[in-house]
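kindly generate the corresponding structure for this input.
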Amino acid sequence: MFWLFLAMATLVLRWVAHPAFIERFYSRGWFQGIRVLIDFGLGWMPVPLIYLFFGGLIWYWVRTWRRRPRNRKLLVTGLRTGSRLLSGISMLIVGFFWLWGFNYGRAHVEKTLDLDTHPLTPDEIESEMRTTALEMAARRAAIPNVGEDALTRENFPQHLETHLRNGLEKVLSHYHFPVMGRVRARLLYPKGIFLRFSSSGLYFPYTGQGHIDAGLNAIQWPYTMSHEMAHGYGFGDEGVCNFWAYLACTLDDDPAVSYSGQLAYYRSLAANFLSYKPDAYRAFRDSLPQGIQADLDAINQNLLDYPDIMPRARDAAYTAYLKAQGIREGMLNYNRVLMLVKAWKEKEQIRNITE
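From the prediction side, this is the model:
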């Protein structure tokens, strides 16, 4: 009953706590201590901790089942088993929120950064897409020994995780967000474990580590790893993590990393523009430099290699999860990056003019 009451109290606190309270005392307080304990405690291990977590969980339930009383009535056994199951679920709820989940309720980034966000019109999306395509072409051309073939892992920094972490921490620190700890972004096997559910990565609160699908095309690694590490630094909102990944990658000194960020942002713009004007988009895509087209083709082909499993059930389940965390738009939240990037660019332009 202890864990049940603690879980109920945690849920009540999550929904009554003001964002400013969560921001100050949890996201910038308690959670920073959690980050240090995780990253300098078990973060050094050579394997993703998620393997150990689920291995331990399976061992615990098998052990509990084997040790169940066999000489009691079925009703008594059922009540005890149900009690243990309820206790276990309550422990998972408590762990989720206190290890990371309260970050869903922190102050909105656009308010903290004073960004004036608004939904983009089709014309704004097209304009932003064309501008981004020009920036992509310039960054790709600056990559050493680049040709018209699709980029590979060799085109990116050798110690990519450390490189990206440093870039993300630099951006977050610039905007006065704490970056205690050393968030990891690990490759997770088997290949396709996320891609078959139209996802590319996962931040796991119980271990404090981010993960990307080992089958993901290498061109997408920088943006996806930065996104998952942004979760690790205390951001639950998917669109916000896309925003931090965009800034961390596009402001990077390495042209391949910068290009990867621009390409990911372009794909979000293109998906929206395609829904408005499919013929116009296809004509525009055919006009892109051959190297960019090769990269897009390589990403698309790689996704086709891992066809979806139960896409409707997946979308419904994840949308329900996001809405339960206070993200009303569900999976559409990922596209919030478009509004944040547009507002950020406008603010930076105004700042440059005034300076």
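
in terms of secondary structure, what does the biggest helix by length in the chain contact?
Taking DSSP state H as the criterion, the chain has its longest helix at helix 74-99. Packing partners of helix 74-99 (3 or more C-beta pairs under 8 Å, 6 or more residues apart in numbering; DSSP states H and E): helix 2-16. For the C-beta atoms, the positions are set from N, CA and C on the backbone; glycine is no exception.

check which residues of the next helix or strand after the longest helix of the chain are buried.
Sequence order places helix 109-112 as the next helix or strand after helix 74-99, per DSSP states H and E. Of all the residues in helix 109-112, those buried under the rule 16 or more other C-beta atoms under 10 Å are 109, 110.

need the phi and psi values for the closest residue to residue 210 other than its chain neighbours.
Nearest residue to residue 210, sequence neighbours excluded (C-beta to C-beta, 6 or more residues apart in numbering): residue 228, at 2.9 Å. Torsion angles at residue 228 (phi, psi; degrees, to the nearest 10) stand at phi -70, psi -40.

quick revisit: report the rounded mean pLDDT for the longest helix of the chain.
On average, the pLDDT along helix 74-99 is 84.

now do stretch 231-249
Averaging pLDDT along stretch 231-249 yields 95.

please export the C-alpha coordinates of it as CSV.
Provided in CSV are the C-alpha atoms of stretch 231-249 (Å, rounded to 0.1, in the frame of the first residue of the first chain):
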residue,chain,number,x,y,z
HIS,A,231,15.5,14.6,-23.4
GLY,A,232,18.3,13.6,-21.0
TYR,A,233,19.0,17.2,-20.0
GLY,A,234,15.4,17.6,-18.8
PHE,A,235,13.1,18.3,-21.7
GLY,A,236,10.0,16.1,-22.3
ASP,A,237,8.4,18.0,-25.2
GLU,A,238,9.3,16.3,-28.5
GLY,A,239,9.1,19.5,-30.5
VAL,A,240,11.4,21.2,-28.0
CYS,A,241,13.9,18.4,-28.2
ASN,A,242,13.8,18.7,-32.0
PHE,A,243,14.5,22.4,-31.6
TRP,A,244,17.5,21.9,-29.4
ALA,A,245,18.8,19.2,-31.8
TYR,A,246,18.4,21.7,-34.7
LEU,A,247,20.3,24.4,-32.9
ALA,A,248,23.1,22.0,-31.6
CYS,A,249,23.6,20.6,-35.1
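
for that stretch, what is the distance to the chain centroid?
6 Å (C-alpha atoms, centre = their mean, to the nearest Å).

burial measure for residue 30, as a count.
14 (other C-beta atoms under 10 Å).

how close does residue 106 get to residue 24?
9 Å (C-beta to C-beta, to the nearest Å).

do the same with residue 121
36 Å.

more neighbours, these two?
Shown here are residue 121 and residue 24; by other C-beta under 10 Å, residue 24 has more neighbours (13 against 10).

from residue 280, how far off is the more buried one?
From residue 24 to residue 280 the distance is 47 Å (C-beta to C-beta).

again, but for residue 112
37 Å.

could you point out which element follows the helix or strand of the chain with the lowest mean pLDDT?
Using mean pLDDT, DSSP states H and E, the weakest-scoring helix or strand in the chain turns out to be helix 311-324, at a mean of 61. Later in the chain than helix 311-324, the nearest helix or strand by DSSP H and E is helix 336-354.

so what touches that next one?
109-110, 113-120, 124-125, 128, 237-240, 242-243, 246-247, 265, 268-269, 272, 329 (C-beta atoms under 8 Å, 6 or more residues apart in numbering).

touching, residue 216 and residue 223? I think so.
No - taking C-beta atoms under 8 Å as the definition, residue 216 is not a contact partner of residue 223, at 10.2 Å.

any weak-confidence spans in the stretch 1-150 of the chain?
Within the stretch 1-150 of the chain, the stretches with pLDDT under 70 are 67-74, 77.

show me this structure divided up by domain.
Recorded structural domains for the chain (assignment: automatic domain parsing) are 2-105, 109-354.

tell me the most buried of those?
Ranked by mean neighbour count, those are led by domain 109-354 with a mean of 18 (mean count of other C-beta atoms under 10 Å).

distance from the chain centre to that domain, please.
The answer for domain 109-354 is 9 Å, by C-alpha atoms, centre = their mean.

look up how far residue 64 lies from residue 76.
Distance from residue 76 to residue 64, by C-beta to C-beta: 16 Å.

equivalent analysis for residue 269, please.
Counting by C-beta to C-beta, the gap from residue 269 to residue 64 is 50 Å.

check which helix or strand covers the spatially closest residue to residue 35 that is not a sequence neighbour.
Distance criterion C-beta to C-beta, 6+ apart; nearest residue to residue 35, sequence neighbours excluded, is residue 181 at 3.2 Å. Under the assignment given by DSSP H and E, residue 181 is not contained in any helix or strand.
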